[in-house]
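1. I'd like to go over a predicted model; first the sequence, then the structure.
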Amino acid sequence: MALDWNDLKVFLALERGGSARTAAARLGTSHSTVLRRLQALEDALGAQVFDRTPDGLVLTGPGARLLVKAQQIEAEVFEVERDVLGADIRLQGPIRLTVPPPVAKYLLLPHLVRFRQDYPDIDLEVVATYGYSDLGRRDADVAIRFAEAPDDHLVGRQLPRFRDAVYASPAYVEAHFEAGESSQAAWIGWPDVQRFSERISHMGYGDQSVAWRLPGLELQAEAARQGLGMALLPCIMGDRDPSLTRVPGTATYDTLPAWLLTHPDLRRMERVRVFARMLAEAIAGESAFVAGA
C-alpha cells in the first residue's frame, strides 16, 4: 500500500467540508479530481473511508481511524514547512493575506499596489473574506482580524481602533433630519435582528424602526445611497463616499479591536516580516481615517 499525501489532503478536505464540491472549492481543484483521489485513497487502503448519504459524507470506522493519523501527518507537514520557510530571508515568493473585504477595498488597496511595485518578486495573494483562516494550517501567512483578543498561539500587534458611523444619502438627511421629521427615519439593518438591535441600542436614533434587513456591508451601503434609510457602516466606507453623509445627532462607535497576526514560526521569514511591517505602518499612518476623525 502506498499512500499519497495529496490523497490525504483531499480526505481531510472532504471530512471538513462534508461534500466533494466543498472540498474541491477549498483545494482549488475540480469536483472530478476530488472524487478520483478519494477513490485512489480507498483503493490503496482497501477500505471505504466515507459512507455516501443524502446528507453528505459520513466517516466509516476505517475513515475515523485514518482521520486521527491524517491530522497528525498534516500537523507535522505544516511544522516542517513553517520551519523551512521561516528561515527564508529572500524577498521573493508567495504571501497570502486574509482581510475583511472593506479593509482591503477602502483602506489597503493603494498600499498593496505600492508594495507590489517595491517588491515585484513577492507574489501577493489577497483573500478578502469575513471567514476564519487558520494560520497554523497555512490558510494564510498574515491576517487582519477583528476580535477582543487574538488566538494565544499567534503573534502580532494591535492596530489602531476602527470605528463605525451612521450614514444616509444627503437627500435622506435633508428630508428626515434637517426638516425635523426624524421620527420617520428608519434603519437599514442586518439579518441578525438581535445583534443589530443590541448594536444600535445606545446610538442616536437607536429606537427608530428597521425598514430593511440586508446582508453585507456593500449592499447596506448601496441601499443607503439610494435613499432607503440610514446604515451603520465603517468610517473607511462612508467618509470618502460623496453619495453618503453622516446622520446628524449620531457619533462614531468602536468596533472590535483590530489585530495584525501571523504564525510565530513565520516571524523569521523576511518577506512576511517586511510585508507585516508595511501593513502596520500603513494603517498607523491612516489612524485618523479608520477612526472617523
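-> On my side now, so go ahead.

2. what about the residue lying closest to Ala171 once chain neighbours are set aside, distance to Gly216?
-> Of all residues not flanking Ala171 in the chain, Gly227 sits nearest, at 5.7 Å (CB to CB, 6 or more residues apart in numbering). In this view, the C-beta of every residue, glycine as well, is placed from N, C-alpha and C. Separation of Gly227 from Gly216 (CB to CB, to the nearest Å) stands at 19 Å.

3. could you do Arg271 as well?
-> Arg271 is 32 Å from Gly216, where distance means CB to CB.

4. for Asp152, same thing?
-> Counting by CB to CB - Asp152 and Gly216 are separated by 31 Å.

5. report how many residues lie close to Asp118.
-> 11 (other CB atoms under 10 Å).

6. now Met230
-> Using other CB under 10 Å, the number of residues around Met230 comes to 31.

7. low-confidence ranges, the chain, go.
-> Filtered on pLDDT under 70, the chain yields the residue ranges 1-2, 81-90, 132-138, 179-183, 265-268.

8. which residues of it fall in strands?
-> Under the criterion DSSP state E, the chain contains strands at 50-53, 56-59, 93-99, 122-128, 142-146, 155-158, 163-168, 187-189, 210-213, 230-234, 245-246, 252-254, 258-262.

9. mind giving me CSV with these and columns for distance to Ala175?
-> Shown next, in CSV, are the strands of the chain (distance: least, CB to CB, whole Å):
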stretch, distance to Ala175
strand 50-53, 55
strand 56-59, 50
strand 93-99, 36
strand 122-128, 35
strand 142-146, 34
strand 155-158, 41
strand 163-168, 9
strand 187-189, 15
strand 210-213, 14
strand 230-234, 12
strand 245-246, 12
strand 252-254, 23
strand 258-262, 35
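
10. identify the bridge partners of the residue lying closest to Arg157 once chain neighbours are set aside.
-> In space, Arg157 comes closest to Leu260 once its chain neighbours are excluded; the distance is 5.6 Å by CB to CB, 6+ apart. Beta bridges link Leu260 to Ile144, Arg157, judged by DSSP bridges.

11. isn't Leu260 up against Val155?
-> No - with contact defined as CB atoms under 8 Å, Leu260 does not reach Val155; the gap is 9.8 Å.

12. buried ones in stretch 246-266?
-> 246-247, 250, 252-253, 257-263, 265-266 (16 or more other CB atoms under 10 Å).

13. now do that stretch: distance to the chain's middle.
-> Computed by CA atoms, centre = their mean, to the nearest Å, the chain-centroid distance of stretch 246-266 equals 13 Å.

14. output that stretch as PDB, nothing but the C-alphas.
-> Output of stretch 246-266 as PDB, limited to C-alpha atoms (Å, rounded to 0.1, in the frame of the first residue of the first chain):
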ATOM      1  CA  ARG A 246     -23.200  61.200   8.400                       C
ATOM      2  CA  VAL A 247     -26.600  61.400  10.100                       C
ATOM      3  CA  PRO A 248     -26.900  64.400  12.400                       C
ATOM      4  CA  GLY A 249     -27.200  63.600  16.100                       C
ATOM      5  CA  THR A 250     -25.000  60.500  15.800                       C
ATOM      6  CA  ALA A 251     -21.400  59.900  16.700                       C
ATOM      7  CA  THR A 252     -18.700  57.400  15.900                       C
ATOM      8  CA  TYR A 253     -18.700  54.000  17.500                       C
ATOM      9  CA  ASP A 254     -16.000  51.500  18.300                       C
ATOM     10  CA  THR A 255     -15.800  48.200  16.500                       C
ATOM     11  CA  LEU A 256     -14.000  45.100  17.800                       C
ATOM     12  CA  PRO A 257     -10.200  45.600  18.200                       C
ATOM     13  CA  ALA A 258      -8.200  45.000  15.000                       C
ATOM     14  CA  TRP A 259      -5.100  42.800  15.000                       C
ATOM     15  CA  LEU A 260      -2.300  42.100  12.500                       C
ATOM     16  CA  LEU A 261      -1.300  38.500  13.000                       C
ATOM     17  CA  THR A 262       0.900  35.700  11.800                       C
ATOM     18  CA  HIS A 263       2.200  32.400  13.000                       C
ATOM     19  CA  PRO A 264       5.300  32.600  15.200                       C
ATOM     20  CA  ASP A 265       7.200  30.200  13.000                       C
ATOM     21  CA  LEU A 266       7.000  32.700  10.100                       C
END
